[in-house]
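>>> got a predicted structure here, sequence first:
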Amino acid sequence: MSREIYTIEQEKEVLEEAMKSLGYNLNHNYFIADRGLRPFLQAIFNHYPISVSMFLGSYSVLFAEDHLVMLSMKYLEYDNPEKYVQKIKYEEITDFFVSRPFVKYCLGFKANGKRYYFYIDANGSYSFTGLNYSDKNFQYLLEDHFKGLLKGKMLGAYSDNNKKTFFVLLTVMLLFIVIGEVFTSGVASAGHNLSIPEKLIILLSVGGFWGLLYWYFRNKKH
């Protein structure tokens, strides 16, 4: 049976009931986040009207004593949390990181050969009512280094990536210069077909740009 939720308070109450039915006690050790893609892919699809979370869904992520619990919020449609819960032991988790490549925080890790990415607006950037219980819990866990899984500082603040940011911006500028020169020189004017070298220049410029974006967001761990 579907559970209807109209307020944050109702959401918190229903979620706590579900977690307790699974045998977990809640104490600022969980939050709700959208499942997502790698940061650079997430940035691309964020510009489309269809959200990535519509396909990957939202999850309640809970840090228990010795394992991580991921509960898909789909359980609300059927009121059956046992069917939508996944547990991963901490010892199976590698490459754990927390970054803020965009407005939202990104929490990611690798487990059993698969990568997971979750996004949460834990600073209330999109909220008119301030931080809710999930945002506050995330900040609490961040201060606690997520049960020791986060080994260093939080990653991804642009102030920590000045050199990388400058390099990416420089590349973007050079990309537009190259494409601009190709078209303003008349080679792409009406009735003129681009030659193979010209097509190759544009293709390499665009490909190099996206490749650098991938490298930039993939290597924000330092």
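All right, it came through fine. Residues are numbered from 1 along each chain as shown.

>>> okay, now the unreliable bits of the protein?
For the chain, residues meeting the criterion pLDDT under 70 lie at 1-6, 43-54, 125-129, 153-222.

>>> all strands of it, in order?
For the chain, the strands defined by DSSP state E cover 30-35, 58-63, 67-72, 85-89, 93-99, 105-111, 114-120.

>>> domain ranges for this protein?
Residue ranges for the domains of the chain, per automatic domain parsing: 8-155, 159-218.

>>> ok so, going back, out of the strands of the chain, which is closest to Y133?
With CB to CB as the criterion, Y133 lies closest to strand 30-35 of those, at 8.4 Å. Where you see a C-beta, it was placed from the backbone N, CA and C, and this is true even at glycine.

>>> which strands or helices does the closest one pack on?
When contacts are defined as 3 or more CB pairs under 8 Å, 6 or more residues apart in numbering; DSSP states H and E, strand 30-35 packs onto helix 8-21, helix 53-56, strand 58-63, strand 114-120, helix 133-143.

>>> mind putting those into JSON lines with distance to I93 and mean neighbour count?
Formatted as JSON lines, the helices and strands packed on strand 30-35 follow (distance: least, CB to CB, whole Å; neighbours: other CB atoms under 10 Å):
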{"stretch": "helix 8-21", "distance to I93": "20", "mean neighbour count": "16"}
{"stretch": "helix 53-56", "distance to I93": "19", "mean neighbour count": "12"}
{"stretch": "strand 58-63", "distance to I93": "11", "mean neighbour count": "22"}
{"stretch": "strand 114-120", "distance to I93": "9", "mean neighbour count": "18"}
{"stretch": "helix 133-143", "distance to I93": "14", "mean neighbour count": "18"}
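
>>> which one, of the ones you listed, ends up nearest to M70?
Here strand 58-63 is closest among the helices and strands packed on strand 30-35 (CB to CB), at 5.1 Å.
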